[in-house]
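Student: need a 3D model of the following:
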Amino acid sequence: MESIRQKAVPLPPPGLPDFRNLGVMLRLLLAANLLALITVLLRVDDPSLLVSEIVLTGGRLELPLLLVALVLYLSAPGLARRGARGGLAAVFGIVALVVVVSFPLIEGGAGVGATALVRRLAWAMGATAVCLLYFDYRTRRYSPALTEARLLALTARIRPHFFFNSLNGVLGVIRSEPRRAERALEELADLFRTFMQDNRELVALGDEVALCERYVDLERLRLGDRLTVRWELDDDRVAAGDAVDARSNLMHALVPPLMLQPLLENAVYHGIEPASERGEVAVRIARRGGELRIEVDNPVCDAARHQAGNRMALDNIRERLILFFDLEASLDIDCDAKRYRVRIRLPYRSART
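Tutor: Residues are numbered from 1 along each chain as shown. You can find the predicted model right below:
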């Protein structure tokens, strides 16, 4: 049987890296120091002078390197608005300006001519080009992974058991509660429409919460009162007790698409469905400074089955967090005999302009 082929959606051409991303800045610093080390190894022939040359080159490199990193961090929003070519030109201009300004501070202005400055500028331009090529290569290298992660997310999310269980739930109430059955079919269509979208951009947390609420409504058709979902929202930038403002701020936070609903689905599937008694899933969303924290907490019914079933979805979400946020995001699991908790930490970014 010939499989159905989806037309691949081309990814946009890579631009400048996000200079406000911790992983990008760490790689930038490491790459520059590695290039300086390679330069010393190629230039020095006498092994006895190698250590002193490495120390001397490091002393000359670190001040301009840190200044460049600082300026790139501060000017990252402006660089992004300039587009690919304008941003690249601006980056080279920043590097050249920092080298020229810091040169007298490093050399002391005594006995050092223009030739040395030209050599420093040439090396800095070459190192900048190599670093930018590396980030461009890394973006292109991980672009197929982003598409694959999106397809894996869709595959993992559209589970046959959920689809057929939802249809069975609708059939169970279609005669006694036709309006409820009609609303459930509309929610099911909305849910699958979201699953099938091109989910390569960050979305507002409010959209994810709305998706989860539709999902919970569908699950309640068959689980009834056995399923309880408790939402806890907290924003340390909002006065204590002001739930309206806290919810408003949090709902504008940007998160990867299809991140929260799969966690909630796992919590229901492994923590509520196998149990005969009523169970509660707690979803905690909090802002702590520049960080967004999300926790999904559910009861444990069968630990071995639970852990095995969760692995695919959690690995999928962890990979997409890395693709979107690099080292600034993490996913951790905490499990005991009674509760299973998934905790996500990611940078707080707002959809508000």
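Student: what segments of the stretch 251-353 of the chain are helices?
Tutor: Assigned by DSSP state H, counting those that start in this stretch, the stretch 251-353 of the chain shows helices spanning 260-267, 303-325.
Student: pLDDT on the shortest one, on average?
Tutor: Okay, so that is helix 260-267. Helix 260-267 carries an average pLDDT of 86.
Student: before we move on, the earlier item: lowest mean pLDDT across the helices of the stretch 251-353 of the chain, which one is that?
Tutor: Lowest mean pLDDT of these: helix 303-325, a mean of 69.
Student: how does the chain divide up, domain by domain?
Tutor: 22-142, 158-347 (automatic domain parsing).
Student: which of those sits most buried?
Tutor: Comparing the domains of the chain by mean neighbour count (mean count of other Cβ atoms under 10 Å), domain 158-347 comes out on top with a mean of 17. Heads up, the C-betas are built off the backbone N, CA and C, glycines and all.
Student: quick one: that domain to chain centroid distance?
Tutor: Here domain 158-347 is found 17 Å from its chain centre; the criterion is Cα atoms, centre = their mean, to the nearest Å.
Student: same question for stretch 31-51.
Tutor: 36 Å.
Student: name the residues that touch it?
Tutor: 53-54, 57-58, 61, 65, 123, 127, 130-131, 134 (Cβ atoms under 8 Å, 6 or more residues apart in numbering).
Student: which two of those lie the greatest distance from each other?
Tutor: Glu53 and Tyr134 (24.4 Å; Cβ to Cβ).
Student: for Asp315, see how far away Ile344 is.
Tutor: 13 Å (Cβ to Cβ, to the nearest Å).
Student: ok, now which ones touch the residue lying closest to Ala253 once chain neighbours are set aside?
Tutor: Nearest non-adjacent residue to Ala253, counting by Cβ to Cβ, 6 or more residues apart in numbering: Leu205, 4.4 Å away. Leu205 makes contact with 250-255, 260, 285, 292, according to Cβ under 8 Å, 6+ apart.
Student: determine which two of those are furthest apart.
Tutor: His252 and Leu260 (14.8 Å).
Student: quick check: closest non-adjacent residue to Arg278.
Tutor: That would be Arg226: by Cβ to Cβ, 6+ apart, it lies 5.1 Å from Arg278.
Student: spit out the contact partners of that neighbour.
Tutor: With Cβ under 8 Å, 6+ apart, Arg226 has these contacts: 272, 275, 277-279.
Student: in strands, which of those fall?
Tutor: Using DSSP state E, the members of the contacts of Arg226 that fall within strands are Gly279.
Student: just give me the least confident of the contacts of Arg226.
Tutor: Pick the lowest pLDDT in the contacts of Arg226 and you get Ala275, at 81.
Student: got a list of contacts for stretch 82-94?
Tutor: 13, 15-16, 68, 71-72, 75, 78-80, 125, 128, 132.
Student: hmm, try it at 7 Å
Tutor: 13, 15-16, 68, 71-72, 79-80, 125, 128, 132 (Cβ atoms under 7 Å, 6 or more residues apart in numbering).
Student: and Pro257, backbone torsions?
Tutor: phi -70, psi 150 (degrees, to the nearest 10).
Student: tell me which element Leu34 is part of?
Tutor: Here Leu34, judged by DSSP states H and E, is contained in helix 22-43.
Student: residue ranges for the helices of the stretch 1-150 of the chain, please.
Tutor: 22-43, 50-74, 76-81, 83-107, 114-157.
Student: in a markdown table, list those along with distance to Lys338.
Tutor: Formatted as a markdown table, the helices of the stretch 1-150 of the chain follow (distance: least, Cβ to Cβ, whole Å):
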| stretch | distance to Lys338 |
| --- | --- |
| helix 22-43 | 35 |
| helix 50-74 | 44 |
| helix 76-81 | 45 |
| helix 83-107 | 51 |
| helix 114-157 | 26 |
